[in-house]
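Visitor: coordinates for the following, if possible.
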Amino acid sequence: MFANSKQLAGASWGVLKQDKELMAIPVIGAAVCGGIAAAIGLVVYSTLDTTTDAAGQTSTQANPAAVALLIIGVLIIAVISQLFAGAMVAGADERFEGGDPTIGSAFSKAMTRLGPITGWTATNATVGAILNALRDKAGFLGDLVVGMIGAAWNIATWLVMPVIIIEGVGPFAAVKRSVVLIKAKWGENIVSQVGFGLLGLLLIVPGLLVFGALSAALPILGLPLLLIYLAIVFTVLSALGAIFRTALYRYAVGLPVGDAFSAPMLASSFGAKKAGR
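Guide: Residues are numbered from 1 along each chain as shown. Just a heads-up that it's a prediction; the model follows:
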């Protein structure tokens, strides 16, 4: 898996180097989501019930209004996060088509898919909530089964965002289309052989060691540098992941993917599940 991930990440980086301005999309997305999260946090906090006991100590408790606002806020942040992911896919697809994408053109395309993106966010969140609820109630074997279902869902929906952005269909049609494309190209009993998260971990650990040590010795300098380093790693990985998914979609439907990716490289993204897995 590591060799595949490294090779595909390198190919995705080759595409990103042609349009470095697109790297600003996940940066802007993180900033916007962070700002909205802070605002929602303040609103939710202001709606909490406050009580003061006989000793004069004040405590706060959640109420239905605060819970409802929190749920709505989380959904809003999730939709915005997916919108920015869609913008990255739009920019990558424009580059694969031979165009010269900009932040504006990428967002313009993504905004035309806001409805389907919202529907997909709600669908994915619902499935995730159901799986988490089942996992909490399941025993050891049940937890394994739920984990397998979650992994299958992740693979089945791997191409949903590119399908929504490029084909312009709704969330349910996009899930169906993603399943059809993956089955047609890789078969049914498959597992992912790509893990950008592993690459991210390998990049994060050295930063944690270096800047963590610096933070212990000189917090005023080390901590900001650590946060900046982590932000850079997550930004780059987010951009590379969107480019890879777009390339994988285009490969699955028979569209050109430029010189950075090769057919054998993309074909190795998924492999047959081995017995006992």
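
Visitor: which other helices and strands contact the strand or helix carrying residue 6?
Guide: Element membership for residue 6 (DSSP states H and E) is helix 2-16. Using 3 or more C-beta pairs under 8 Å, 6 or more residues apart in numbering; DSSP states H and E as the contact test, the elements touching helix 2-16 are helix 64-96, helix 196-217, helix 219-253, helix 263-267. (Each C-beta comes from the backbone N, C-alpha and C, glycine too.)

Visitor: measure how far the following helix or strand past it is from the centre of its chain, please.
Guide: Using DSSP H and E, the helix or strand that follows helix 2-16 in sequence is helix 24-47. On the basis of C-alpha atoms, centre = their mean, to the nearest Å, helix 24-47 sits 17 Å off its chain's mean C-alpha point.

Visitor: what sits against residue 16?
Guide: Contacts here follow C-beta atoms under 8 Å, 6 or more residues apart in numbering; on that basis residue 16 touches 22-23, 236, 239-240, 243.

Visitor: whoops, I mixed them up, residue 109
Guide: Here residue 109 is in contact with 86-87, 90, 94, 165 (C-beta under 8 Å, 6+ apart).

Visitor: residue 221: which of those is nearest?
Guide: Nearest to residue 221 out of the contacts of residue 109 is residue 87 (C-beta to C-beta; 33.9 Å).

Visitor: quick one, what contacts that closest one?
Guide: 25, 29, 103, 106-107, 109-110.

Visitor: go on, residue 60?
Guide: 45, 48-51.

Visitor: wait, a helix at it?
Guide: No: assigned with DSSP: H, G, I helix; E, B strand; the rest coil, residue 60 falls outside any helix and is strand.

Visitor: picking up where we left off before, pick out the most distant pair among the contacts of residue 109.
Guide: 86 and 94 (12.6 Å).

Visitor: so for those two, which sits in the more crowded spot?
Guide: residue 86 (27 against 19; other C-beta atoms under 10 Å).

Visitor: the more buried one - nearest residue in space that isn't next to it in sequence?
Guide: residue 110 (4.0 Å; C-beta to C-beta, 6 or more residues apart in numbering).

Visitor: distance of the one you found from residue 184?
Guide: Residue 110 is 26 Å from residue 184, where distance means C-beta to C-beta, to the nearest Å.

Visitor: higher neighbour count, these two?
Guide: residue 110 (24 against 10).

Visitor: circling back: let's see the helix holding residue 6 as PDB, backbone CA atoms only.
Guide: C-alpha atoms of helix 2-16 as PDB (Å, rounded to 0.1, in the frame of the first residue of the first chain):
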ATOM      1  CA  PHE A   2       2.800   2.400   0.900                       C
ATOM      2  CA  ALA A   3       4.500   2.100  -2.500                       C
ATOM      3  CA  ASN A   4       1.100   2.700  -4.300                       C
ATOM      4  CA  SER A   5       0.300   5.700  -2.100                       C
ATOM      5  CA  LYS A   6       3.700   7.200  -2.600                       C
ATOM      6  CA  GLN A   7       3.500   6.800  -6.400                       C
ATOM      7  CA  LEU A   8       0.000   8.200  -6.700                       C
ATOM      8  CA  ALA A   9       0.800  11.100  -4.300                       C
ATOM      9  CA  GLY A  10       3.800  11.900  -6.500                       C
ATOM     10  CA  ALA A  11       1.600  11.900  -9.600                       C
ATOM     11  CA  SER A  12      -1.000  14.100  -7.900                       C
ATOM     12  CA  TRP A  13       1.800  16.500  -6.800                       C
ATOM     13  CA  GLY A  14       2.900  16.700 -10.400                       C
ATOM     14  CA  VAL A  15      -0.600  17.900 -11.400                       C
ATOM     15  CA  LEU A  16      -0.800  20.300  -8.400                       C
END
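
Visitor: and it, what's buried?
Guide: For helix 2-16, burial by neighbour count (16 or more other C-beta atoms under 10 Å) applies to 4-5, 8-9, 11-12, 15-16.

Visitor: which two of the contacts of residue 87 have the greatest separation?
Guide: Between any two of the contacts of residue 87 (C-beta to C-beta), the greatest distance is 15.2 Å, for 29 and 109.

Visitor: sorry, back to before: most neighbours of all the contacts of residue 87, which one?
Guide: Going by other C-beta under 10 Å, residue 106 tops these with 28 neighbours.
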